[in-house]
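Participant: sequence plus the predicted model coming up.
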Amino acid sequence: MAACLKKPIRAKKKNLKLLSFFLTLLFTISCLSSQRKGMASSSDSIVLYYLKKSSETPLFLQAETWLPTASGVLTGAGPDQLDKTEFISRWEKLFKFTGVADTGVLNSEPIRLFTEEEASRLGELLFRAEAEIPDGLPQAYQVIIKREDPIRPGLRIRRTIFYIRKSPEGIILEFSEIGQVLDFQTTYSFRDWTLAPISKPEPSSRNSIYLPEIRPEGLDYLTFATEGEEVKNRILVKNGFWTANPSKKKVVTPTKKIPKTIEDRLRTLQELLDKGLISKQEYEKKKAEIIKEL
């Protein structure tokens, strides 16, 4: 009889273990769902997530300030320009003036953050997401972009993650990863490269954005008063940027990372002309100003 009593006791212990496991699983799912993150739009290399406004929204996203993103991008557009084509065109303009250091070569110089194709596709997906918001309320976005490694296709990618939100000051882009290398043991799936929690980006040299000296008014780094030094992984696109011209941009005071010699400034100016970021007229005007300083 005693031997028969042992089996039910063991079964009870197993049931307790199973109960504990399921409670832990439910708690984990609850924590993940509390982030209020839902699919907005996607392609084979870009995915946008809606970040819902709730009591669980991370403080760095400043949910109480959110405004519609589309209306910010289309600031100043005429009645006949409030469409997808104009939206994408303006979005492409933004990424003509945002870059990163090319860490793959020695003496690296800034290159565009996104290709023209990536910028266009991102604009298309964001326009779609804004048009299809389930509840119609202003949203913030988590954006994940991947680039396939040509040497190890299917096993290695470079991933960029950033957040988009519209505040009264303008549209804020805050980067947590730029070109982060991810290696996989087997061919990766959509879930593998899009799995990323919502977390506050920490500024570093690996996620810093480069803004050229000559650029339209309204595109600058965003540093809060509580931060001791300039933060370069967070940029603010003010409403006036979308209709501003590079020739009207006042030259900002160079930081310690911007070339200071006359020779370096002329070289930088030539590079901007070669890349089509400024016109020949703007180049000649700025060149004359620099030479006068001699």
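Facilitator: Noted; the coordinates are in hand.
Participant: can you count the residues close to residue 264?
Facilitator: 12 (other C-beta atoms under 10 Å). To be clear about C-beta, it is placed using only N, CA and C from the backbone, and glycine gets the same treatment.
Participant: which SSE is immediately downstream of the host helix or strand of it?
Facilitator: For residue 264, the element it lies in under DSSP states H and E is helix 262-274. Toward the C-terminus, helix 262-274 is succeeded by helix 280-292 as the next helix or strand (DSSP H and E).
Participant: distance from the chain centre to that next one, please.
Facilitator: 33 Å (C-alpha atoms, centre = their mean, to the nearest Å).
Participant: what residues are up against the residue most central in space within the chain?
Facilitator: The chain has residue 162 as the residue nearest its centroid, 2.9 Å off, counting by C-alpha atoms, centre = their mean. Neighbour list for residue 162: 142, 143, 173, 174, 175, 176, 177, 201 [criterion: C-beta atoms under 8 Å, 6 or more residues apart in numbering].
Participant: show me what the helix or strand residue 144 falls within is packed up against.
Facilitator: Using DSSP H and E, the element containing residue 144 is strand 140-148. Strand 140-148 makes packing contacts with strand 46-51, helix 116-131, strand 156-167, helix 190-194 when contacts are defined by 3 or more C-beta pairs under 8 Å, 6 or more residues apart in numbering; DSSP states H and E.
Participant: buried set for the helix or strand following the third one?
Facilitator: What that stands for is strand 156-167. Note on strand 156-167: by DSSP H and E, the next helix or strand toward the C-terminus is strand 170-183. For strand 170-183, the neighbour count (16 or more other C-beta atoms under 10 Å) marks 170, 171, 172, 173, 174, 175, 176, 177, 178, 179 as buried.
Participant: let's have the contacts of residue 162 in TSV, adding distance to residue 217 and pLDDT.
Facilitator: Formatted as TSV, the contacts of residue 162 follow (distance: C-beta to C-beta, whole Å; pLDDT from 0 to 100):
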residue	distance to residue 217	pLDDT
142	28	97
143	25	97
173	17	97
174	21	96
175	22	97
176	27	96
177	29	95
201	26	93
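Participant: from these, which is closest to residue 55?
Facilitator: residue 142 (18.4 Å; C-beta to C-beta).
Participant: for the closest one, give me its contacts.
Facilitator: The neighbours of residue 142, taking C-beta under 8 Å, 6+ apart as the test, are 37, 48, 49, 51, 161, 162, 163, 196, 198.
Participant: fine by me, we can end here.
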